[in-house]
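Enquirer: Need coordinates for the following:
(chains A and B)
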Amino acid sequence: MTTAERSKANPKTADFGASLTFDLSRPGRRGVLLPEPDVPQAELPEPRFLRSDLELPELSQNQVVRYFLGLSRLNYGVDTGFYPLGSCTMKYNPRVNEDVGRLPGFTLVHPLQPQATIQGALAVLHQLQSALAAITGMDSIGLAPAAGAQGELCGILMIKTYLEERGESDRRRKVLIPDSAHGTNPATAAMCGFEVVTIPSDRVGNTDMAALESALDDGVAAMMLTLPSTLGLFDPNIERIAETLHRHGALLYGDGANQNAFLGRARFGDLGFDVVHLNLHKTFSTPHGGGGPGAGPVCVKAKLAPYLPAPVVEADGDTYRLATPERSIGKTTAFHGSFGVLVRALTYIRSLGAEGLRAVSENAVINANYVLARLRGAYHLPYDHPCMHEVVFSGSRQRAKGVKTLDIAKRLIDYGFHPPTIYFPLIVDEALMVEPTESEGKEALDAFCEAMLAIAREAKEEPELVRGAPYQAPLRRLDEATAARRPYLRWRAPAQGESA
Amino acid sequence: MTSSAHPYIPNTDEDRRAMLDAIGVATADELFADIPPELRIEGLNLSPALPEQELVREMAALAGRNQVPGDGMACFLGAGAYRHFIPSVVGHVIGRSEFYTAYTPYQPEISQGTLQTMFELQSMTCELMAMDVANAGMYDGASALAEACLMACNITGRDRIAVLDSVNQDYAAVVRTYARGRGLTVDVVADGNLSAEHACLAVQHPNFFGCLEDVWSHEAAAHATGALLIAVADPISLGLLAPPGGYSADIAVAEGQSLGWPVGFGGPYLGLFACRQQYLRQMPGRIVGRTTDLDGRTGYVLTLQTREQHIRRERATSNICTSQQLVGLAAAVYLAAVGKHGLRQIAETCYHRAHYAAERIAALPGYSLAFPTPFFKEFTVRCPKPVEGIQELLLEQGIIGGLDVSERVENGMLLCVTEVNTREEIDRLIAALAEVNP
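Expert: All right, here's what the predicted structure looks like:
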């Protein structure tokens, strides 16, 4: 059906975005009955402390439910279908995790309760610390960071503080970052006051060892390395990289966003990393929530353990307590981090167990290589080598025919799939980064590959069709240029005389 | 267990066989050939898989080891995490997996649910705070304050941050963590103690001890030295109290947990973040803008992304890469459900019940209010004995008492009363406190 037909078929939902809760509001409606004060009224503060107006919507309960249910239907999630968004590990979010995470014994705990009353919550944290130590081979785990980027912030601050205490921080002011890295890496290094030095990738996509050697001097504090890289490649020189950095007195930071690739097959600690952060919303199946919340535990070797962010959980027999490490970099959120996410991650780890986690990486890697094998003929493979959990194609052949990677992505929507990550990593022209995860079976991958092959054919035969996609989505392409040029960032009350 | 046996992994042995054939390798191990052989491990030292039934039993047993408010247990803790009533609609909406199994809306054509929600929250945050623009959410109130302080340093070109001494000390601690990276100095200051080197003054209102601040004098002090005024607000209080925009704050932040999200042992939460229009391009975090699609229909997109790490890398305004979207969704649904009058009613109920409790506690022998200033839903009492002992006595009677703030106020207890604390609970607290012998 064309868009015009869709609009005709369902005219009432054709411009859902035009009416916000504020526009649906009618004076006198309410969405929930609330308690009255039922105590003697106290005198209110003097008028200057009080507000005179508050523009919030007034809706009936049914309206609230219909409005947000309507919004939910405009979204595509992992539950809707295949979501091969590279570097994001969009795996299935097990339902039991949600049930466990929503147990009142967890959700109702106030973070400042006496420690004797929160032993169950502390036990969860302690068990997760132990499990992540076993998985990463690191000595100590800090669960406080609220997200991967905050885990990076903690890791780099710990390195900075460690160097300060060794009297080396004035000299070691540079952080080395591969050109394939996530944007958070350089942003984090800059937030921590370091100068970013970009290390190029070599011809086959690994760290250019000669460039690394020549960048290393006694002014380097650390290198931030994603393993496997965002090209989906496990750098076979990892031992040499670690050894080279350490020889120069620099530390090796691991971005663990791609831990899903080698769960149960190797451990960051054994590979020579000094500190690594994990993304529990990626590898450990906690929901991405539409863009958070996540959790970004930071895992360290013993020499960095005294600097972990606060709090950590210590055990004394069966009794647990919150503690602040001796030389902690401090707190990063008001309380103890993303507890609700941590509960779900522990539930996931316990559901899979040791063998199950190893099966995760095996299936994630087979799936990615299967997509690689099936699409190799149709899309350019800039790094033609067995991949780990994700494969990066280039849309350069299609681009030559006037069809951009963006067009391919939009056309995939019409075929019922969420597009892969596009235009990242930055070093791949017209990048299409596909991460199937272990959650998909062969037939789902086959369907996706058939769609990709069909689009490759369309790009040759009917490029206009691809360039105009999507046609089947709730909306067609949006005007992002105007959105940026004339920012319209909040609801405004219609002017007098104008209709709502 | 064979790997195909786990319900989260659909490939069968036959599937794997066929796929390995297509790939052109004999075994999966060959795909891991780049891992140096001496560094490979055979397995993890973890317990085996748990069937779902056992898993639920074990996790529920852990949950059961916590003593939680409800079922006869009253709780008067606040101090940054607030127990407020959560309407049923909130849980039902955020339980829609189209929302919670999606990710960052990079593909707006199939992410309008998330994007429009973000726009709703930005709009509601602006209305609540009476500020010009808001982002779609930060990690929590404390990290939002820290980011606001960094932003003020960027705007003013100054490298000292002033935090008023009545701001939650854990918030000040987070500011210190963030400031440490760029070598910024954080000064905890008393009233008006600002120099021309300060980029900002951060004021919490109502403050950590529950008191209303003289925000107008802080505003005058900050702006007199060219510093920005950063307000830390309680969003529930904004149903009743003058908003940050009303006292000329330049940046306003708040902990959004109170809006439809449980205290949940401290996280994940939601940082609300708003500022004046002129500082829009220095603002960290995700921002959604309204636009149109090819057919002219209204739609929403991530915008002004050149501030963000994935575009600007080391020159980004922050490394943040989330909007705590699900918590933000809960806040938007909450505000839509309670509406303008509901928020006022909740705020007033908190206010009147807190005052009812405070007046009666202060009238008990040996107790007094620590501060003479007006307060909202929290207040600090001086107790006749060390707070720790009182907390234990209260706990024996099924009451989780207030926070021990004796480091700041001698025998001080910070109590929080909201609409979820019934009059009966409050009376029980008063009676229990009365039993403490001075």
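
Enquirer: where in chain B is pLDDT low?
Expert: B:1-4, B:438 (pLDDT under 70).

Enquirer: Stretch B:53-71 and chain A in contact?
Expert: Yes: using Cβ under 8 Å from any Cβ of the partner chain, a contact is recorded between stretch B:53-71 and chain A, made by B:55-56, B:58-70. To be clear about C-beta, it is placed using only N, CA and C from the backbone, and glycine gets the same treatment.

Enquirer: Give me the residues contacting that stretch.
Expert: Stretch B:53-71 has contacts (Cβ atoms under 8 Å, 6 or more residues apart in numbering or on different chains) with A:96, A:99-100, A:103-106, A:108-110, A:113, A:117-121, A:123-124, A:343, A:346-347, A:350-351, B:50, B:73, B:75, B:83, B:400.

Enquirer: Narrow those to those in helices?
Expert: A:96, A:99-100, A:104-106, A:119-121, A:123-124, A:343, A:346-347, A:350-351 (DSSP state H).

Enquirer: Quick one: buried ones out of those residues?
Expert: A:96, A:99-100, A:105-106, A:119-121, A:123-124, A:343, A:346-347, A:350-351 (16 or more other Cβ atoms under 10 Å in any protein chain shown).

Enquirer: State the pLDDT value of the residue of the stretch 401-500 of chain A found nearest chain B.
Expert: Nearest residue of the stretch 401-500 of chain A to chain B: residue A:441, at 3.3 Å (Cβ to the nearest Cβ). As predicted, residue A:441 sits at a pLDDT of 97.

Enquirer: can I assume residue A:156 is in contact with residue A:194?
Expert: Yes: counting by Cβ atoms under 8 Å, residue A:156 touches residue A:194, with 7.1 Å between them.

Enquirer: The two: which has the busier surroundings?
Expert: residue A:156 (30 against 27; other Cβ atoms under 10 Å in any protein chain shown).

Enquirer: Leaving out chain neighbours, which residue sits closest to the more buried one?
Expert: residue A:192 (4.4 Å; Cβ to Cβ, 6 or more residues apart in numbering or on different chains).

Enquirer: what does residue A:229 give?
Expert: Closest to residue A:229 by Cβ to Cβ, 6+ apart is residue A:180, at 5.2 Å.

Enquirer: which residues does residue A:215 contact?
Expert: Contacts of residue A:215 (Cβ under 8 Å, 6+ apart): A:176, A:197, A:199.

Enquirer: secondary structure element for residue B:229?
Expert: Here residue B:229, judged by DSSP states H and E, is contained in strand B:228-233.

Enquirer: partners of that strand, with directions?
Expert: Partners of strand B:228-233 in the sheet, by DSSP bridges, are strand B:198-205 (parallel), strand B:251-255 (parallel).

Enquirer: Compare those strands and give me the one nearest residue B:355.
Expert: Evaluated over the strands paired with strand B:228-233, closeness to residue B:355 peaks at strand B:198-205, with 17.8 Å, by Cβ to Cβ.

Enquirer: Would you indicate which residues of the closest one are buried?
Expert: B:198, B:199, B:200, B:201, B:202, B:203, B:204, B:205.

Enquirer: Chain neighbours aside, what residue packs nearest to the residue in the stretch 301-450 of chain A that chain B sits nearest to?
Expert: Among all residues of the stretch 301-450 of chain A, residue A:335 sits closest to chain B, at 2.6 Å; criterion: Cβ to the nearest Cβ. Counting by Cβ to Cβ, 6+ apart, the nearest residue to residue A:335 once its immediate chain neighbours are dropped is residue B:266, at 2.6 Å.

Enquirer: how's chain B carved up into domains?
Expert: B:74-86+B:339-434, B:90-332 (automatic domain parsing).

Enquirer: Ends of the first one, what's the gap?
Expert: Spelled out, that is domain B:74-86+B:339-434. 17 Å (Cα to Cα, to the nearest Å).

Enquirer: you'd agree the residue nearest to residue A:156 is up against residue A:153?
Expert: Yes: here residue A:192 reaches residue A:153: they are 6.9 Å apart, a contact under Cβ under 8 Å.
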